[in-house]
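**Student:** Here you go, sequence then predicted model.
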Amino acid sequence: MKPLVVLHQRSSQLLSPLLTATVGHKLPLHAYAAEVGSGLVAALAGLVPLGFAGAVLEDPQLRLDALKLVGALEPEAREAGRVDLVVPEGTRLRGYFLEGVALANLLHRYAFGDRVLWLGPLRPELSGGLRSVARVALAAPSFPEGDAFMARIPSPQRGDVVVGLERAEPLARHSDLILYTGGPLPLELLQPYHTLLALQPVPKEAYRLIGQYIGPEELQRFHLSVILEALGFALPPDAFAVS
């Protein structure tokens, strides 16, 4: 039985479904959570000598801070510039960034080949998860930010970039999936043929305007699934009871 720690700064949303799944499927992991303030260096330094299976980093700042504390990086972590899983490897630590992989798996299940419109704060670290879609369009806060994000997307999939939600209606009309990451959600953009993939909660009024709703908990399920896969345990996303 190896310990698997979820490191967070406030409270953990990942521990409960992770613990339930590891216990329910009798995995040789003891999952628990620990709040870290300035103690990330010490927490990661203890993974190898204490025989940990790994450490899941839940908060954005921890993911950024851990990047320079690991000895080796997987390509996704290097590209994203952050780490959400740290695994002991011999005498060193290897860093993974798996949330983008989780998004790619989710889109492959629900929206393979779809035309996607990104609404809300840009998260460049997730751009690698968009590679299975046909086209990506953006409503960006500025053209430089939008162009920088789009530069991370393979050129055949690059769609239009507009600045401001008020200019997003033409893009929405020609999109199959709305990927919403927070902030204002203009309901007039939503159509009955849209799938709405929400990484943040949306107004209830949005549900009746769209064809399919995929809530934030679904990405969490896929994320936990790929985390355990990296640790050598294959559990499907449906194995995680995220509320």
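**Tutor:** Everything's here; your move. Residues are numbered from 1 along each chain as shown.
**Student:** what mean pLDDT would you report for the host helix or strand of residue 223?
**Tutor:** Counting by DSSP states H and E, the element that carries residue 223 is helix 216-230. Averaging pLDDT along helix 216-230 yields 97.
**Student:** what sits against the closest residue to residue 110 other than its chain neighbours?
**Tutor:** Spatial nearest neighbour of residue 110, excluding adjacent residues (CB to CB, 6 or more residues apart in numbering): residue 214 at 6.1 Å. All C-beta spots, glycine's among them, are computed from the backbone N, C-alpha and C. Going by CB atoms under 8 Å, 6 or more residues apart in numbering, residue 214 touches 106, 110, 195-198.
**Student:** just those residues: which has the poorest pLDDT?
**Tutor:** residue 110 (92).
**Student:** For the protein, just list every one of the helices.
**Tutor:** Using DSSP state H, the helices found in the chain span residues 15-24, 40-45, 60-66, 75-80, 99-110, 143-150, 169-173, 216-230.
**Student:** Look through the chain and report the residue furthest from the middle.
**Tutor:** Farthest-out residue of the chain from its mean C-alpha position, per CA atoms, centre = their mean: residue 49, at 29.5 Å.
**Student:** any idea how far residue 88 is from it?
**Tutor:** Applying CB to CB, to the nearest Å, the value for residue 49 to residue 88 is 9 Å.
**Student:** One more: residue 204?
**Tutor:** Taken as CB to CB, the span from residue 204 to residue 88 is 44 Å.
**Student:** coming back round to it: Throw the helices of the chain into CSV and include distance to residue 128 and mean neighbour count, thanks.
**Tutor:** CSV is the format used below for these (distance: least, CB to CB, whole Å; neighbours: other CB atoms under 10 Å):
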stretch, distance to residue 128, mean neighbour count
helix 15-24, 23, 18
helix 40-45, 24, 16
helix 60-66, 15, 18
helix 75-80, 6, 19
helix 99-110, 4, 21
helix 143-150, 12, 16
helix 169-173, 22, 16
helix 216-230, 13, 21
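**Student:** Same list as before, the ones you listed that is, but in CSV and with distance to residue 182 included.
**Tutor:** Shown next, in CSV, are the helices of the chain (distance: least, CB to CB, whole Å):
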stretch, distance to residue 182
helix 15-24, 22
helix 40-45, 25
helix 60-66, 13
helix 75-80, 19
helix 99-110, 15
helix 143-150, 15
helix 169-173, 17
helix 216-230, 10
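**Student:** which non-adjacent residue is nearest residue 130?
**Tutor:** Using CB to CB, 6+ apart, the nearest residue to residue 130 is residue 136, at 5.3 Å.
**Student:** Quick check: that neighbour vs residue 106, distance?
**Tutor:** Taken as CB to CB, the span from residue 136 to residue 106 is 15 Å.
**Student:** do the same with residue 147
**Tutor:** Counting by CB to CB - residue 147 and residue 106 are separated by 26 Å.
**Student:** Buried residues of stretch 232-243, list them for me.
**Tutor:** 233, 235, 237, 239-240, 242 (16 or more other CB atoms under 10 Å).
**Student:** ok now do the closest residue to residue 153 other than its chain neighbours, which residues does it touch?
**Tutor:** The spatial neighbour of residue 153 that comes closest, neighbours along the chain excluded (CB to CB, 6+ apart), is residue 136 at 5.2 Å. By CB under 8 Å, 6+ apart, residue 136 lies in contact with 116, 118, 130, 150, 153, 157-159.
**Student:** residue closest to the middle of the chain?
**Tutor:** Most central in the chain (CA atoms, centre = their mean) works out to residue 99, at 3.3 Å.
**Student:** if you go through this structure in chain order, where are the strands?
**Tutor:** 2-8, 29-35, 54-57, 72-73, 85-89, 92-96, 115-119, 135-140, 158-163, 177-180, 195-198, 212-214 (DSSP state E).
**Student:** Can you tell me which of the ones you listed is most buried?
**Tutor:** Per residue and on average, the most neighbours among the strands of the chain fall to strand 54-57, with a mean of 27 (mean count of other CB atoms under 10 Å).
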